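Engineer: After the sequence you'll find the predicted model.
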Amino acid sequence: MSRTAEQSARSKFQWRVLAPIVVLIVLSSLDRVNISFAALQMNADLGIDPHAYGVAVGMFFVGYLLFQFPSTWVLTRVGARRWIAGCVGIWGTVAAVMAFVRSVEELFLLRFLLGCAEAGFAPGIVYYCSGWMPKRYRANSIAVTMLAIPASVIIGGPLCGWLMGVSNPLDMTGWRWMLLMEGLVTVAMAAVAYFVFVDKPSDARWLSDAEKDWIANALAEEQNEAKAPVQSSIKTALIDPRAWLAAGVWCTTLIGANGMMFWLPQVIKAMSSLSPLAVGVLAALPWVGVALGMVLNSWHSDKTQERYRHLGIALAMGMMALLLASAIPPSPWSLLLLFIGGVGLGGAQGVFWSIPTAFFHRSAAAAGITLINLVGNIGSLAGPYVIGIILQQSGSFSAPIWFVAAVMGAGTLLLASLRFSERRAISG
């Protein structure tokens, strides 16, 4: 009976919780990165150079970093349902208003506000999902939610290109129409989210009593094995060296992801005379690799219950593929190498969160996950900015790729240190 309850609870969790979360993360990522496609027209309209574009990208992450802890604090106070609906509604509104910017300063401000609105969503979702499934299923569950990010580019790239190229009833410039439509869809989904989500498994009327009991017992057993913190949750996270090392690893993967996310469309455009739709299609190909890496690596990691080698090999593969891509002239081979680099990057991200969610006690998990995501996203803030400077100084896209590859190489060293620290914590 317990095995039956376990299987049915997992299946319902995947369809009733994970699937709606994936939809919202697709919208979150799309509203965040559609600036990379808007830039194909917007930069000329507003007089934006590569440096200013890097600042505009980075302003999102200023707000994103500042409001991480406040947002997850609100989550623990008001519950997941109201928190999710509120976050989605606010960022959708800001994203839609961005269609009406008239200056680079207005763009900076709205990118900052968008970051504030989306700030706690990613760590909040990781925390929320960790309250539904035990850690043995967590890598694949979290990877499924993270699949939404490459999916947003795979779907969103061609979608953005199409919206920018079609005529519209308001006679708006293509990039403005695209931003408006995608923002309004997000606002509509906020209302849907309020009625879809519940705060915790015990509130889910679609779970049977046996399924609720299995989830509660599995999570309680897991918490009994973890050491309960004696300090406050935030202090526990701050003094744990594993949290800082994990944040460093996460930072390296985000620099790689955001480098590809925000600059790849411009790389392709600079190397060709393709239409926005064709650029969107080609820019989506490496993200197919990201999605493939997330699915396969997280599945195998859960199957073998091994995390560190799966993460380290994926990072190393991504680094090598990027270095090789920068060493050859633009061609189908370089696009293939970017695809392989995407597989490595996706494989690393798909496994990563199964590591820190396993070593934090539930009482410290929200603070610990937020700290890791906050510090890690310094890379999201600094990475696009540094890439913009390197590109403007060098005039070549090869130098920024070397920078991203070097950062990913550093991630493998930080991961080795994290593994050593984890072994010491277990033995001590």
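Structural biologist: Sure thing, it's come through. Residues are numbered from 1 along each chain as shown.
Engineer: which regions of the stretch 51-200 of the chain sit below the pLDDT cut-off?
Structural biologist: Applying pLDDT under 70 to the stretch 51-200 of the chain picks out residues 138-139.
Engineer: meant to ask about the stretch 251-400 of the chain, not that
Structural biologist: For the stretch 251-400 of the chain (pLDDT under 70), the answer is 260-276, 330, 360-366, 397.
Engineer: Helices of that one, residue ranges please.
Structural biologist: 276-304, 308-327, 332-352, 356-359, 362-376, 378-394, 398-427 (DSSP state H, counting those that start in this stretch).
Engineer: on contacts alone, who are the packing partners of the first one?
Structural biologist: Identification of packing neighbours for helix 276-304 by 3 or more C-beta pairs under 8 Å, 6 or more residues apart in numbering; DSSP states H and E yields helix 19-46, helix 138-146, helix 148-165, helix 241-270, helix 308-327, helix 332-352. For glycine as for every other residue, the C-beta is placed from the backbone atoms N, C-alpha and C.
Engineer: Which elements pack onto the second one?
Structural biologist: So that's helix 138-146. helix 19-46, helix 121-130, helix 276-304, helix 332-352, helix 356-359.
Engineer: Provide the contact partners of it at residue level.
Structural biologist: 13-14, 18, 21-22, 25, 125-126, 129-130, 132-133, 294-295, 297-299, 301-302, 307, 349-351, 353-354, 357-358 (C-beta atoms under 8 Å, 6 or more residues apart in numbering).
Engineer: can you rerun that using 7 Å?
Structural biologist: By C-beta atoms under 7 Å, 6 or more residues apart in numbering, the residues outside helix 138-146 that reach it are 18, 21-22, 25, 125-126, 129-130, 133, 294-295, 298-299, 301-302, 349-351, 353-354, 357.
Engineer: What does G79 show for phi and psi?
Structural biologist: The phi/psi pair for G79 (degrees, to the nearest 10) reads phi 90, psi 160.
Engineer: Contact partners for it?
Structural biologist: With C-beta under 7 Å, 6+ apart, G79 has these contacts: D199.
Engineer: ok, now the one 4 residues further on?
Structural biologist: In this structure, W83 makes contact with 74-75, 124, judged by C-beta under 7 Å, 6+ apart.
Engineer: again, but for Q41
Structural biologist: Contacts were defined as C-beta under 7 Å, 6+ apart; by that measure Q41 touches 164, 173-175.
Engineer: One more: L418?
Structural biologist: Contact analysis of L418 by C-beta under 7 Å, 6+ apart lists 242, 245-246, 249.
Engineer: do F60 as well
Structural biologist: Counting by C-beta under 7 Å, 6+ apart, F60 makes contact with 32, 111, 114-115.
Engineer: how close does it get to A406?
Structural biologist: 24 Å (C-beta to C-beta, to the nearest Å).
Engineer: picking that back up, Throw the helices and strands packed on helix 276-304 into JSON lines and include distance to A283, thanks.
Structural biologist: Below are the helices and strands packed on helix 276-304 laid out as JSON lines (distance: least, C-beta to C-beta, whole Å):
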{"stretch": "helix 19-46", "distance to A283": "8"}
{"stretch": "helix 138-146", "distance to A283": "19"}
{"stretch": "helix 148-165", "distance to A283": "5"}
{"stretch": "helix 241-270", "distance to A283": "5"}
{"stretch": "helix 308-327", "distance to A283": "14"}
{"stretch": "helix 332-352", "distance to A283": "10"}
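Engineer: burial of the closest residue to E118 other than its chain neighbours, as a residue count?
Structural biologist: Nearest residue to E118 in three dimensions, chain neighbours excluded: W91, at 4.9 Å (C-beta to C-beta, 6 or more residues apart in numbering). If you count neighbours by other C-beta atoms under 10 Å, W91 ends up with 26.
Engineer: Quick check, W91 in contact with D31.
Structural biologist: Yes. Counting by C-beta atoms under 7 Å, W91 does reach D31; the two are 6.2 Å apart.
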